[in-house]
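1. The sequence and its predicted three-dimensional model are supplied below.
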Amino acid sequence: DTAVSQTPKYLVTQMGNDKSIKCEQNLGHDTMYWYKQDSKKFLKIMFSYNNKELIINETVPNRFSPKSPDKAHLNLHINSLELGDSAVYFCASSQGTGLGEKLFFGSGTQLSVL
Amino acid sequence: GNSVTQMEGPVTLSEEAFLTINCTYTATGYPSLFWYVQYPGEGLQLLLKATKADDKGSNKGFEATYRKETTSFHLEKGSVQVSDSAVYFCALSIGYALNFGKGTSLLVTP
């Protein structure tokens, strides 16, 4: 069983479209994250939710809107897609938010905006 | 701010060579330090961690020691294998989320 699963694995779309990426974890964790990895492999935190509450919201365009219907799911909706949004988006989860927490990552969603 | 700096890649080594990937950090407070590994086409996996000064994390032959005096957490392995080819990320946490370095790509050739 996959611990952190995200769909779709690949997403190719046109500029200006709206798309969503879904993430689910079956680990019973309280905290979930979205990270963006650019073409140079640099990973940057975008959002973090703890028990469905937003706790980290980095400097991300407001075209990106996370939604957490329950603590096992954290979806990412992106409006008006731009070329610069092309990247690999990783969902992750952890038991809590404290020091030393191990993150479990999904296998990523490769978004290509044409 | 809280950040990590790791050596630029790519690093190319022959099988059984000694590996060092340097990582230094800047942090307010007392962070926990991690190494994550990303194999091609996959998400990141925790490789090892250390939560306080002088702790040594180890796993799969890799080691890293949390050095507060030099603010470093260098990754080492005595004898690399082809299967170690991956991207390695140093990271720190002072709570809430991990801040990653830019990653170091390692290629091990037979």
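-> Good, I have the coordinates. Residues are numbered from 1 along each chain as shown, chains lettered A, B, ... in the order given.

2. confidence score at residue 24?
-> Chain wasn't specified; assuming chain A. Here the pLDDT value assigned to A:Glu24 is 97.

3. that's the wrong chain, I meant chain B
-> According to the per-residue confidence, B:Thr24 scores 96 in pLDDT.

4. Contacts only, for it.
-> When contacts are counted by Cβ atoms under 8 Å, 6 or more residues apart in numbering or on different chains, B:Thr24 is found next to B:4-6, B:70-73. The C-beta positions use only the backbone N, C-alpha and C, and glycine is treated the same way.

5. Repeat that for A:Met32.
-> With contact taken as Cβ under 8 Å, 6+ apart, A:Met32 is in contact with A:23, A:25, A:48-49, A:68, A:71, A:73-74, A:91-93.

6. thinking again about what came up before, out of the contacts of B:Thr24, which are buried?
-> Buried members of the contacts of B:Thr24, scored by 16 or more other Cβ atoms under 10 Å in any protein chain shown, are B:4, B:6, B:71-73.

7. Close to chain A: what parts of chain B are there?
-> Near chain A, the residues belonging to chain B are B:30-32, B:36, B:38, B:41-46, B:49, B:51, B:87, B:89, B:93-100, B:102-103, B:105 when assessed by Cβ under 8 Å from any Cβ of the partner chain.

8. Turn the contacts of B:Thr24 into CSV, columns for distance to A:Val12.
-> As requested, these are arranged in CSV below (distance: Cβ to Cβ, whole Å):
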residue, distance to A:Val12
B:Val4, 33
B:Thr5, 34
B:Gln6, 32
B:Thr70, 45
B:Thr71, 42
B:Ser72, 41
B:Phe73, 38
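
9. and those, which of them are in strands?
-> B:4-6 (DSSP state E).

10. what's the closest of these to A:Ser86?
-> Looking at the ones in strands among the contacts of B:Thr24 and their distance to A:Ser86, the nearest is B:Gln6, at 24.3 Å (Cβ to Cβ).

11. That closest one contacts B:Leu33, doesn't it?
-> No - at 11.5 Å, B:Gln6 does not count as touching B:Leu33 under the criterion of Cβ atoms under 8 Å.

12. State the mean pLDDT of stretch B:37-50.
-> 92.

13. Could you identify the most distant pair in the buried ones among the contacts of B:Thr24?
-> B:Gln6 and B:Thr71 (12.6 Å).

14. what's the overlap in contacts for B:Gln6 and B:Leu33?
-> Here B:Gln6 and B:Leu33 share the contacting residues B:23, B:90, scored by Cβ under 8 Å, 6+ apart.

15. quick one on the thing from earlier: tabulate the contacts of A:Met32 (a markdown table), appending secondary structure and distance to A:Ser5.
-> Formatted as a markdown table, the entries for those read as follows, by DSSP: H, G, I helix; E, B strand; the rest coil; distance: Cβ to Cβ, whole Å:
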| residue | secondary structure | distance to A:Ser5 |
| --- | --- | --- |
| A:Cys23 | strand | 7 |
| A:Gln25 | strand | 8 |
| A:Ser48 | strand | 18 |
| A:Tyr49 | strand | 17 |
| A:Ser68 | strand | 16 |
| A:Lys71 | coil | 15 |
| A:His73 | strand | 10 |
| A:Leu74 | strand | 12 |
| A:Cys91 | strand | 8 |
| A:Ala92 | strand | 12 |
| A:Ser93 | strand | 11 |
